[in-house]
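*Asks:* test case, fold it:
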Amino acid sequence: MNIKKILIGTAASVAMLGASIVPAFAANFFQGFEINTDGWFTDPTNITRVASGTNGVTSADGSFHAEVDADAFTKWGGYESTFPTNGYVTKIDVYLDMGENPTIGTDKRFDFSSAISTPANTHRRDFIFSVGTDPLVSGQFAMSASNNAPGWPSNPGRDPFFVNQSGWYTLRHTFQDNGSGILEVVMDVLNSSGTVLHSWTLSDPTDVIGSTVGGNRYGWFVTSDFSFLAIDNSEKSDIVPVVGPPANKDACKDDGWKTFNNPTFNNQGECVSYTNHN
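*Replies:* Numbering: from 1, shown residues only. Take a look at the predicted model:
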């Protein structure tokens, strides 16, 4: 999924954010590698833009994606000291090749972090997906979530999840208020159809939004044992409440049409037409 698509939160996300907030997303940063690798900061050996089909991998979207190794990172468009009103989401597509695990005993791992800043715009905490080949079962990957790297993907104490189909998987972090002013981070893994396959929620009582917690920091491949990882569609988006649809044509007047994002309109006439037909 990318910013060309209209993103509406899952029912699970709605429940976690509270019934009064129905999440939509306003993208602050998107890099799908169709033109360049801008927004990713490494030396040239850590990230390479490649055409779809390179090394047998079809891009998740479009005609290009990127190949990275350890230390490739992004600032999601820039570090932020202020936590957005309704929180924010970061996500990245990563290709998992089951051929990397041909035999029992294969143990290759990577860690991907999306970190949070303090209000002083310094580092606060990492939230890390640990992903790797399952050494106990060939043709399978394991993954788990924690605040530490290097991690143990199949750690039984971290609610591990397993996949056995090669393809693109989305690693998504949702940074939000737990309802008491404390940060909680919901970490989801999604398949290429956008279905949530598994979730973990991490929270620490000392992560107080506005006091010890600020805005987004980096996305970072902290470690990797793989010769390369194929990535696509890296994105950071603020969560915003859905506004609309308009109840009647009067709601479109006096620039009211500009306030709606479910759906959006280009002018008052489009808004009025929508109400007439719906």
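*Asks:* count the neighbours of the nearest residue to residue 52 once chain neighbours are set aside for me.
*Replies:* With CB to CB, 6 or more residues apart in numbering as the criterion, residue 52 has its nearest non-adjacent residue at 3.8 Å, and that residue is residue 59. All C-beta spots, glycine's among them, are computed from the backbone N, C-alpha and C. Residue 59 has 23 neighbours, counted by other CB atoms under 10 Å.
*Asks:* tell me where the stretch 151-278 of the chain has strands.
*Replies:* Applying DSSP state E, counting those that start in this stretch to the stretch 151-278 of the chain gives strands spanning 161-163, 167-177, 182-190, 196-208, 216-224, 229-241.
*Asks:* would you mind giving these as a markdown table with mean neighbour count added?
*Replies:* Formatted as a markdown table, the strands of the stretch 151-278 of the chain follow (neighbours: other CB atoms under 10 Å):
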| stretch | mean neighbour count |
| --- | --- |
| strand 161-163 | 17 |
| strand 167-177 | 22 |
| strand 182-190 | 21 |
| strand 196-208 | 15 |
| strand 216-224 | 23 |
| strand 229-241 | 22 |
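*Asks:* returning to what we had before: what about the residue nearest to residue 52, distance to residue 208?
*Replies:* Computed as CB to CB, to the nearest Å, the residue 59 to residue 208 distance reads 41 Å.
*Asks:* do the same with residue 123
*Replies:* Taken as CB to CB, the span from residue 123 to residue 208 is 16 Å.
*Asks:* against residue 47, how distant is residue 239?
*Replies:* Counting by CB to CB, the gap from residue 239 to residue 47 is 28 Å.
*Asks:* ugh, wrong one, I meant residue 31
*Replies:* Taken as CB to CB, the span from residue 31 to residue 47 is 10 Å.
*Asks:* with residue 106 instead?
*Replies:* From residue 106 to residue 47 the distance is 25 Å (CB to CB).
*Asks:* more neighbours: those two, which one.
*Replies:* Just comparing residue 106 and residue 47: by other CB under 10 Å the higher neighbour count belongs to residue 47, 22 against 16.
*Asks:* can you tell me which residues contact that one?
*Replies:* 37, 40, 66, 67, 68, 72 (CB atoms under 8 Å, 6 or more residues apart in numbering).
*Asks:* pLDDT score for the first one?
*Replies:* Think residue 37. At residue 37, the pLDDT value in this model is 96.
*Asks:* so which strand or helix has it?
*Replies:* Assessed by DSSP states H and E, residue 37 sits outside every helix and strand.
*Asks:* separation between it and residue 248?
*Replies:* From residue 37 to residue 248 the distance is 47 Å (CB to CB).
*Asks:* show me which of the two is the more surrounded one.
*Replies:* Between residue 37 and residue 248, counted using other CB under 10 Å, the more crowded position is residue 37 (20 against 10).
*Asks:* the domain parsing of the chain - what is it?
*Replies:* 11-242, 246-278 (automatic domain parsing).
*Asks:* how about low-confidence regions in the stretch 151-278 of the chain?
*Replies:* Judged by pLDDT under 70, the stretch 151-278 of the chain has no weakly predicted residues.
*Asks:* OK, contacts around residue 119?
*Replies:* 81, 82, 210, 211, 212, 213, 214.
*Asks:* for residue 206, see how far away it is.
*Replies:* 14 Å.
*Asks:* shared neighbours of those two, anything?
*Replies:* The contact lists of residue 119 and residue 206 share residue 212, where a contact means CB under 8 Å, 6+ apart.
*Asks:* in a strand, residue 50, correct?
*Replies:* Yes - secondary structure of residue 50 (DSSP: H, G, I helix; E, B strand; the rest coil): part of a strand.
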